[in-house]
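> I would like to see how this sequence folds:
(chains A and B)
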Amino acid sequence: MTTATLPTLTRKDFQTDQEVRWCPGCGDYAILAAVQSVFPELGIPRENFVVVSGIGCSSRFPYYMNTFGFHTIHGRAPAVATGIKAIRPDLEVWVATGDGDALAIGGNHTIHMLRRNVGIKVLLFNNRIYGLTKGQYSPTSEFAKKTKSTPFGSPDRPFNPVSLAIGAEATFVARSVDVFQQHLKVTLKQAAAHKGSAFVEILQNCNIFNDHAWESLTEKEARSEHVIELEHGKPLIFGKNHDKGIRRKSDGDIEVVPLGNGIGEKDLVVHDAHHPRPSYAFLLSHMEHRPGFPTPIGLFRAWDDLPRYEDVMNAQIADVVAKRGKGDLGKLLRAGDTWEVK
Amino acid sequence: MATLTEVPLSKSKREVIDQAVIRFAGDSGDGMQITGNQFTSTVALYGNDLATFPDYPAEIRAPAGTLPGVSGYQIQFASGDVFTPGDAVDVLIAMNPAALKVNVADLKANGILIVNSNSFEANDLRKAQMTSNPLEDHSLDKFRVFAVELQRLTRAALQHLGLDAKSMDRCKNFFALGMCYWLYNRSTDATTRWIEEKFKSKPLLVQANKLALQAGYSYCEATEAFQVSYEIPPAQLSPGFYRNISGNQALALGFITAAQKAGLMLFQGSYPITPASDILHELSGYKNYGVMTFQAEDEIAAMASTIGAAYSGALAITTTSGPGMALKTEAMGLAIAVELPMVICDIQRGGPSTGLPTKTEQADLLQALFGRNSEAPIPVLAAATPGDCFWMAFEASRIALKYMVPVILLSDGYLANGAEPWRIPDISEIPDIPVHFERNPDGFQPYRRDPQTLSRPWAIPGTPGLEHRVGGLEKQDVTGNINYEPLNHEKMVRIRAAKVEAITQDVPDVVPAGDPDGDLLIVAWGSTYGAITAALKTQRAKGQRIGHVHLRYLNPLPKNLGEVLKRYKKVVVPELNMGQLLWVLRAKYLVDAMGVNKIQGQPFKQAELEQKFEEMASA
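Numbers count the residues shown, from 1 in each chain, chains lettered A, B, ... in the order given. Coordinates of the predicted model:
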């Protein structure tokens, strides 16, 4: 590298000449726009970005990003990305995946990548439906949901992707929404700043097969009642008039309380996104399933004290080289008991 | 060794012979594999040629003393060439009745049978499902039986050390090994060194094992139990330095060598599976050679991470066995589509499904050739002997890097665990593997091809100006953009096939061993090499005109193979499967070849091949 300063990149530098082939109105467009506007701001040379994906609507993502891109096979993007990162820890590797890709066929790779803390950023586009195969239910579809493959309702209980990631002890877990552009960009930047595995669930609409997927959260009127924005160091408050909060109960559980009548901010949970242990974040991730509780978005957890997998792998090699010296091939072949025939 | 012959250590007679076959058999917990390995190292160091056959159950510890728990290790060693571990055995060491029952049928008449007489109590006999004691019922009369109180004698030798009975009993295999060293006039030095290294943190065990070994040796000397001891002079191998090597060790060394000669990091993404795991164990210990091993969460991730590492510029390999190959199938298709260099090793075992995890078979050939969706050709290579695994690992890597293709390398359980003396190559005689990473962005196209190899450029991430997209969707020729046009698809399918076919220019013509033309041509591949070579030798000595082609390249096949097939009246294809290469040869060359097939989880015996070759010549 002879250049000391990086060329200034713009959003345009990250667009390809390929025609974007998502359905008109798809939430993926908004996510693509957000990523293309965040990448130039990260101060990373374009050639060091690798976008890896599996199969599904979201997995067409690499074709529209003018970086190195790898459209792999269904569910396996985290495993391919792990190979890339292991050999080249200096690369900035992002995985674009969906609820079917990451949680059904690729569930195993997702949890193992997270537990290893491979330095990969995962964007999970969650539209709660299979789009590319035209409308079957997914691992995040609601119980009893009627879809093409469940005309009498889905018998499956859904995964909560954030709970799953925290359960796998992911060191960075956040959630955003396709149509909350500003929030999404901030969240992507937070993910980019994280060294280890960063897992971002993006709630996304599929206007063809699962329209209004997240309407209760995105619709203007409902939003403030049903969404709580997590911000580190701030009390957990929501509601149109900022009149509700989350309070700890004596048994360690949480409850929703109305503010006023002697209950103030001092009584509420102050969000700590950097706690080393995942249990608090897990508790937050589950609140949306309970009556009267809002759905949290924002940063659940960012704890960056765990070394990255690829660094551990490479440090071990460096360590053995330091201890034993760089391997001598001739000596290796002649190792152990040998004899000479003259 | 002159002093030994001048001053005989005992009064027993010494006979010079040219070969012997020994089998150690006992419970899985009796240390038979260690005993066999030690005997092997000792005879290898002495300079004999040899071949070994470890044969152990899939269960780690089946119930002690039972028939399914029997573990065996056979070795043939000789002053001449050795091609197989031998059919029938000259000496059988049986640590209990079950080991005797499972193995005695292979002992030659008048062969030496050493049994641990302390383990022939009523209960031991019951566990081996024996109704009478073979040491008393004359059923072993045709053998030279040495009923030795291995357990009592070992305990007696170790009693002053203060070990518990169980620990003392664990040393009885070395008592038996000491006896074998005496029987074949071998020094205990190499095993003594091994014991000192192996148990260096436990001085008491060093002492105990050394004492047991020495006690066994001295027992023979003092009691003159054997009337005769044997001397097998060193073999006339070609000059050079030798070591003993197993197929899996050789594969590991071959890949390290290839990576070093290519100037690349070696990445292995694997999931543990018998009988391939030892390659992962080996390579994980060689990190200072620029080796990165990744134990993936499953076979699919092993393959996928290998693809990722190849994409990033490493020499990437994955190692597995049949069930793992099945799981890697879809990702192999991706590797073909994105045209990245890597090696997929299949150490075959008996199947289908979980099958016979520890037993050998050659039944994954058609899976390797065709086992993927759609038109998905892959070059397939196969090693012929344990030592050949080194060279085929190197060759598979070279072809993968030169042609930018995934390559399948076939080995099997027999090669993986079997050992032979291997002439250590001088690293200066091994050629470099040229590797070119694309750096030039001017006119860069990810699927523009080298006209000779049809390989595409290796444009690794991090290279300025080469940003591009690859993936499993069909690509446009040259640009690599997604493309669904009918004619482009046909063109790309044909290019991928032509690229594999182009490797023919790197495949040497076959030269038949034995007769260059005649009655019978044996065409085979993989681990059957030794048994066929030995059988061929016998049959030619009997006057049969017979040739042998052993294929190490199974896709593409050598270009002169079709012509060679026509030089013989009959073509015979021995395989440890139902006739898979046979199927390929008949389809490709329209030759009326005949199969010799064995599907027992066991290698061919020399004698059974000789008999088949005899029958087929006259049929």
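
> contacts only, for whichever residue of the stretch 51-200 of chain B sits closest to chain A.
Each residue of the stretch 51-200 of chain B has a distance to chain A, by C-beta to the nearest C-beta, and the smallest belongs to B:Ala190, at 6.3 Å. For every residue, glycine as well, the C-beta is placed using N, CA and C. When contacts are counted by C-beta atoms under 8 Å, 6 or more residues apart in numbering or on different chains, B:Ala190 touches A:337, B:38, B:41-42, B:45.

> just the buried members of these?
Neighbour counting with 16 or more other C-beta atoms under 10 Å in any protein chain shown marks B:38, B:41-42, B:45 as buried within those.

> next one: the spatially most central residue of chain B from B:Gln236, what distance?
With the centre of chain B defined as its mean C-alpha position, the nearest residue by C-alpha atoms, centre = their mean is B:Leu415, 1.2 Å away. Per C-beta to C-beta, to the nearest Å, B:Leu415 is found 24 Å from B:Gln236.

> next one: A:Ala165
For A:Ala165, the distance to B:Gln236 (C-beta to C-beta) stands at 65 Å.

> for the two, indicate the residue with more neighbours.
Per other C-beta atoms under 10 Å in any protein chain shown, whichever of A:Ala165 and B:Gln236 has more neighbours is A:Ala165, with 34 against 12.

> how about that one, phi and psi?
Comment: the main-chain dihedrals of A:Ala165 come out as phi -70, psi -40, following degrees, to the nearest 10.

> what's the per-residue pLDDT of it here?
According to the per-residue confidence, A:Ala165 scores 98 in pLDDT.

> what's near enough to touch the residue nearest to B:Pro464 when sequence neighbours are not counted?
Of all residues beyond its chain neighbours, the one nearest B:Pro464 is A:Glu47 (4.6 Å), with distances taken as C-beta to C-beta, 6 or more residues apart in numbering or on different chains. When contacts are counted by C-beta under 8 Å, 6+ apart, A:Glu47 is found next to A:67-68, B:461-467.

> please repeat the previous calculation with a cut-off of 10 Å.
A:Glu47 makes contact with A:67-68, A:91, B:441, B:460-467, according to C-beta atoms under 10 Å, 6 or more residues apart in numbering or on different chains.

> quick check, nearest of these to A:Gly239?
A:Thr67 (41.2 Å; C-beta to C-beta).

> helix, strand, or coil at residue 157?
No chain in the question, so chain A it is. Under DSSP: H, G, I helix; E, B strand; the rest coil, A:Arg157 falls in the coil class.

> could you do chain B instead?
Three states are possible here, and by three-state DSSP the one that applies to B:Ala157 is helix.

> which stretches in chain A count as helices?
For chain A, helices defined by DSSP state H occupy the ranges A:28-38, A:77-87, A:99-100, A:107-116, A:161-167, A:181-193, A:215-218, A:220-226, A:279-286, A:309-324, A:329-333.

> tabulate the ones you listed (a markdown table), appending distance to B:Ala309.
A markdown table is the format used below for the helices of chain A (distance: least, C-beta to C-beta, whole Å):
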| stretch | distance to B:Ala309 |
| --- | --- |
| helix A:28-38 | 25 |
| helix A:77-87 | 4 |
| helix A:99-100 | 26 |
| helix A:107-116 | 15 |
| helix A:161-167 | 25 |
| helix A:181-193 | 24 |
| helix A:215-218 | 40 |
| helix A:220-226 | 44 |
| helix A:279-286 | 32 |
| helix A:309-324 | 11 |
| helix A:329-333 | 21 |
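
> reformat those helices as JSON lines; add distance to chain B.
Formatted as JSON lines, the helices of chain A follow (distance: least, C-beta to the nearest C-beta, whole Å):
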{"stretch": "helix A:28-38", "distance to chain B": "14"}
{"stretch": "helix A:77-87", "distance to chain B": "2"}
{"stretch": "helix A:99-100", "distance to chain B": "16"}
{"stretch": "helix A:107-116", "distance to chain B": "4"}
{"stretch": "helix A:161-167", "distance to chain B": "15"}
{"stretch": "helix A:181-193", "distance to chain B": "17"}
{"stretch": "helix A:215-218", "distance to chain B": "31"}
{"stretch": "helix A:220-226", "distance to chain B": "36"}
{"stretch": "helix A:279-286", "distance to chain B": "22"}
{"stretch": "helix A:309-324", "distance to chain B": "4"}
{"stretch": "helix A:329-333", "distance to chain B": "5"}
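
> quick one, helices of the stretch 101-250 of chain B?
With DSSP state H, counting those that start in this stretch as the criterion, the stretch 101-250 of chain B has helices at B:122-127, B:150-158, B:165-169, B:172-183, B:189-198, B:203-223, B:247-262.

> how about the ones you listed, which one is nearest A:Pro40?
When these are ranked by distance to A:Pro40, counting by C-beta to C-beta, first place goes to helix B:247-262 at 36.2 Å.

> any bit of that closest one sitting next to chain A?
Yes: for helix B:247-262 and chain A, the contact criterion (C-beta under 10 Å from any C-beta of the partner chain) is met by B:249, B:252-254, B:256-257, B:259-261.

> from the residues you listed, pick the one nearest chain A.
Comparing the residues of helix B:247-262 next to chain A against chain A with C-beta to the nearest C-beta places B:Gln260 closest, at 5.1 Å.

> how many neighbouring residues does the closest one have?
The tally of other residues near B:Gln260 (other C-beta under 10 Å) stands at 22.

> quick check: it touching B:Val435?
No: no contact is recorded between B:Gln260 and B:Val435 when judged using C-beta atoms under 10 Å, the distance being 11.8 Å.

> overlap in contacts of those two?
B:Leu315.

> and B:Leu366, what is it in contact with?
Contacts were defined as C-beta under 10 Å, 6+ apart; by that measure B:Leu366 touches B:577-581, B:583-584.

> rerun at 8 Å
When contacts are counted by C-beta under 8 Å, 6+ apart, B:Leu366 touches B:580, B:583-584.

> against B:Arg448, how distant is the residue nearest to B:Pro464?
A:Glu47 sits 19 Å away from B:Arg448, going by C-beta to C-beta.

> where does chain A have low pLDDT?
Low-confidence regions of chain A, defined by pLDDT under 70, span residues A:1-6.

> before we move on, back to that, show the pLDDT at the residue of the stretch 51-200 of chain B closest to chain A.
pLDDT, B:Ala190: 94.

> for the closest residue to it other than its chain neighbours, which three-state class applies?
Leaving out its chain neighbours, the residue that sits closest to B:Ala190 by C-beta to C-beta, 6+ apart is B:Thr42, at 4.9 Å. Under the three-state scheme (three-state DSSP), the conformation of B:Thr42 reads as helix.

> B:Thr42 contacts B:Gly178, doesn't it?
No: with contact defined as C-beta atoms under 8 Å, B:Thr42 does not reach B:Gly178; the gap is 11.2 Å.
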